[in-house]
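Q: I'd like to go over a predicted model; first the sequence, then the structure.
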Amino acid sequence: MKQVVLEVEVREVSQNLNTIRSAGKIPAVFYGKNESPIAVTVDTKKFLTIVDNEGANVIIELKFKDFSKTAIIKELQRHILTQAPNHVDFQAISLKEKIDILVPVHINGVADGVKNAGGTLEHILREVKVRCLPTDIPSKISVDVSALKIGEALTVAQLPKIEGVEYENDPTNIVVNILAQVVEEEKPAEAVAAEPQAPEVISKGKKEEEGAAETKK
């Protein structure tokens, strides 16, 4: 996993967060084992460039004014509509200690059950938790689903083995499942004919009776 440098500025906790965002910066916090929490800000464009180019699990050297800290992005909060970053949690790490982290699962290929039998691929587990050294964090877990047929699934136990990486999820958890195409059955003609038509007939009958009564008058 590549390591990048990102400059941070210490901020006052009382600062207005919307004002910070309007200035092109993201409010954030740095914390970790044996570390006192520090409220900071990072440049929005520089942060997004790092995430877009290196992924969310990149190792970051946070460069303060007088010192540096090694960290990962523990949590990234985004605006519900614009998806613009609202807040970042940076967690301090040691390059010599294993950590638990979520890694995205990417699908490769077209499943046989989808291509040749009209089935549907259901991607159930989009992230898996792994345990490894920060330098061994994979940017993604790629799985080939081309051999999967209708009714077949791929579980955590079948994910590719990566040296130095342990999967923390239940091995039986389904990652990808191939479902059969659902076809709606048409109602038999007899069943359609048997459906009651009473409401319209009753209403019409009432009107005819009222009309006959008026004629007699």
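A: Thanks, I have it.
Q: span of stretch 112-122 from start to end?
A: 14 Å (C-alpha to C-alpha, to the nearest Å).
Q: who's in contact with the nearest residue to Asn173 once chain neighbours are set aside?
A: Spatial nearest neighbour of Asn173, chain neighbours left out: Val156 (4.8 Å); criterion: C-beta to C-beta, 6 or more residues apart in numbering. The way it works is simple: take the backbone N, C-alpha and C, and place the C-beta from them, glycine included. Val156 sits next to Leu125, Val128, Tyr167, Asn169, Asp170, Pro171, Thr172, Asn173, Val175 when contact means C-beta atoms under 8 Å, 6 or more residues apart in numbering.
Q: for Val58, same thing?
A: Counting by C-beta under 8 Å, 6+ apart, Val58 has contacts Met1, Lys2, Gln3, Val4, Ile50, Val51, Ile72, Ile73.
Q: please report phi then psi for it.
A: phi -70, psi 150 (degrees, to the nearest 10).
Q: what do you get for the one 10 residues further on?
A: Geometry field for Ser68 lists phi and psi as phi -130, psi 150, criterion degrees, to the nearest 10.
Q: does it really touch Ala92, like I thought?
A: No - the pair Ser68 / Ala92 is not scored as a contact, 11.1 Å apart, by C-beta atoms under 8 Å.
Q: I'd like to know how far the residue lying closest to Cys132 once chain neighbours are set aside sits from Leu159.
A: With sequence-adjacent residues excluded and distances taken as C-beta to C-beta, 6+ apart, Cys132 is closest to Val165, at 4.5 Å. Distance of Val165 to Leu159, given as C-beta to C-beta, to the nearest Å: 10 Å.
Q: circling back: just checking, the residue nearest to Cys132 touches Thr135?
A: No - between Val165 and Thr135 there is no contact under C-beta under 8 Å: 11.3 Å.
Q: so what's the residue nearest the centre of the chain up against?
A: By C-alpha atoms, centre = their mean, the mean C-alpha position of the chain lies nearest to Arg126, the distance being 6.4 Å. By C-beta under 8 Å, 6+ apart, the residues touching Arg126 are Pro104, Val105.
Q: name the helix or strand for Asp100, please.
A: In this assignment (DSSP states H and E), Asp100 forms part of strand 99-108.
Q: not counting its own residues, what contacts that strand?
A: Outside strand 99-108, the residues touching it (C-beta under 8 Å, 6+ apart) are 57, 72, 93, 121, 123, 125-134, 137-146, 159, 168, 175-176.
Q: check stretch 9-24 too.
A: Residues from elsewhere that reach stretch 9-24 (C-beta under 8 Å, 6+ apart): 25-27, 38-45, 64-65, 84, 86-87.
Q: go with 6 Å
A: Residues from elsewhere that reach stretch 9-24, judged by C-beta atoms under 6 Å, 6 or more residues apart in numbering: Pro27, Ala39, Val40, Thr41, Thr44.
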